[in-house]
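# Okay, predicted coordinates and the sequence, questions at the end:
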Amino acid sequence: MQKIQITEDGSHTLFSEMAGQTYHSSHGAVQESRHIFISQLIGQRSTVNEQQSWVNGVLSVLEIGFGTGLNALLTAQWARENGVKVYYTTIELYPLVEEVYRELNYGQLLGDDELFLHLHEVEWDAGFVEVTDNFAIRKCKSDIVEWLESNSQFII
């Protein structure tokens, strides 16, 4: 069971009773994801062509835990703003149910409610689905260890 909490930047996070922690920082879910996921991970990798995740103008992202979908939303927006094609793979064993993700305010706060809902509505285990001209997502409902064992391009 997850409970919505409002963080200091006005964005939501979820408290997971099963894990005993929040999905994002209580100081600001959007602020945290922009800083850590976009600026530090994607932004830095996108400027270094030698990185394995950045090949021929295409960025491949592997996210362990789709969670609230906030990182995927911010990445899709970043791809559109920067004219970069992103192939985004996310692995999640316990996806949010519709009544939970529809209550999250990320789409409204970031001016992209339709995109946020679309990301959640992409079917699990359907392969890559093109969500925008610059962003395709593959959502895998799986345990991460089992998924990595069946995807030989990754070393575990």
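Yep, that arrived.
# Show the low-confidence segments of the chain, by residue range.
Filtered on pLDDT under 70, the chain yields the residue ranges 41-56, 152-156.
# need the helices for it, in chain order.
29-32, 44-46, 70-82, 98-101, 106-109, 113-121, 144-149 (DSSP state H).
# closest to Ala136 out of those helices?
Smallest distance to Ala136 across the helices of the chain (CB to CB): 9.5 Å, for helix 70-82. C-betas here are computed from N, CA, C, even on glycine.
# Tell me how many other residues crowd the residue nearest to Ile137 when sequence neighbours are not counted.
Among residues not flanking Ile137 along the chain, Tyr88 sits closest, at 4.7 Å (CB to CB, 6 or more residues apart in numbering). Counted with other CB atoms under 10 Å, residues neighbouring Tyr88 total 23.
# what does the one 3 residues further on give?
By other CB under 10 Å, the residues close to Ile91 number 21.
# same check, this time on Gly65
13.
# Tell me who's in contact with the closest residue in space to it that isn't next to it in sequence.
Excluding its sequence neighbours, the residue lying closest to Gly65 (CB to CB, 6+ apart) is Glu92, at 5.7 Å. Glu92 is in contact with Gly65, Phe66, Gly67, Trp124, Lys139, Cys140, Lys141, Ser142, counting by CB atoms under 8 Å, 6 or more residues apart in numbering.
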